[in-house]
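Asker: fold the following for me, if possible:
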Amino acid sequence: FYLVSVTINIVNGHLCLIDPPQRVGAGEFSTPGEHVCYLKEGPCGSVEAGEPLMNYLGGQSATIKFQQNLNHFYLDNPGKLVADFAVGSNPLEEEFHQLGDSIPDYNAMNEITQTNFTLNVMIPNIDCDNCVLRMRYLSNNPTENDRGMIFYQCADISIKKQNNKMINNNKNNNMKKYKSDED
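Answerer: Numbering: from 1, shown residues only. You can find the predicted model right below:
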């Protein structure tokens, strides 16, 4: 059993977090350019922290689901979408650490698009009652630089550390389930 809560701040590229839910306006982004997806002040779009909405087991893989709510692709220097993690409810920018690989921005041929993404990340194996999972859209587009070229979205999460035996048992159980699905 694990529960995940993520909030992402977005800078002039519009980014929304689906799962885990973002701090503000979760599920309120049915059209391109939604204001709850336009958060440009780091590290979390100036959105206050809340209670963790999702809980993770440490040392486990998790899938983050998010939406690029507008596309600001810049051909000369394409941007990227990045997942970050930090301990504490209101961490400073320098306290965030990237989780896994980034996703390169793409040329949608139209700014007014809504593209859903998933990103698999490894959750740090720590005990943390109040942590932040963050998504960023680094557009690198100088024509969108009204307050920077990064969009932020954060989610409040908690993590329960597992011992190595628990992690190995979970991996073995997942493998057995996978093998039995194939039979």
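
Asker: SS state for the residue lying closest to residue 49 once chain neighbours are set aside?
Answerer: Among residues not flanking residue 49 along the chain, residue 89 sits closest, at 3.8 Å (CB to CB, 6 or more residues apart in numbering). C-beta here means a position set from N, CA and C on the backbone, and glycine is covered the same way. Reduced to three states with DSSP: H, G, I helix; E, B strand; the rest coil, the structure at residue 89 is coil.

Asker: any weak-confidence spans in this structure?
Answerer: Residue ranges of the chain with pLDDT under 70: 1-13, 26-27, 110, 165-183.

Asker: that one: strands as residue ranges?
Answerer: 7-10, 15-19, 54-57, 61-68, 80-87, 97-98, 103-104, 115-122, 128-138, 150-160 (DSSP state E).

Asker: how about the residue nearest to residue 49, phi and psi?
Answerer: Main-chain dihedrals, residue 89, degrees, to the nearest 10: phi -80, psi -40.

Asker: that one - how many residues pack around it?
Answerer: Neighbouring residues of residue 89 were enumerated by other CB atoms under 10 Å; the total is 16.

Asker: just checking, it touches residue 130?
Answerer: Yes: contact between residue 89 and residue 130 holds when scored by CB atoms under 8 Å: they sit 4.4 Å apart.

Asker: quick check: neighbours shared by these two?
Answerer: 49, 156 (CB atoms under 8 Å, 6 or more residues apart in numbering).

Asker: picking up where we left off before, so for residue 74, which of the strands of the chain sits nearest?
Answerer: Proximity to residue 74 (CB to CB) singles out strand 128-138 among the strands of the chain, at 10.2 Å.

Asker: before we move on, the earlier item: go through the strands of the chain and pick out the most buried.
Answerer: Most buried of the strands of the chain, by mean neighbour count (mean count of other CB atoms under 10 Å): strand 7-10, with a mean of 30.
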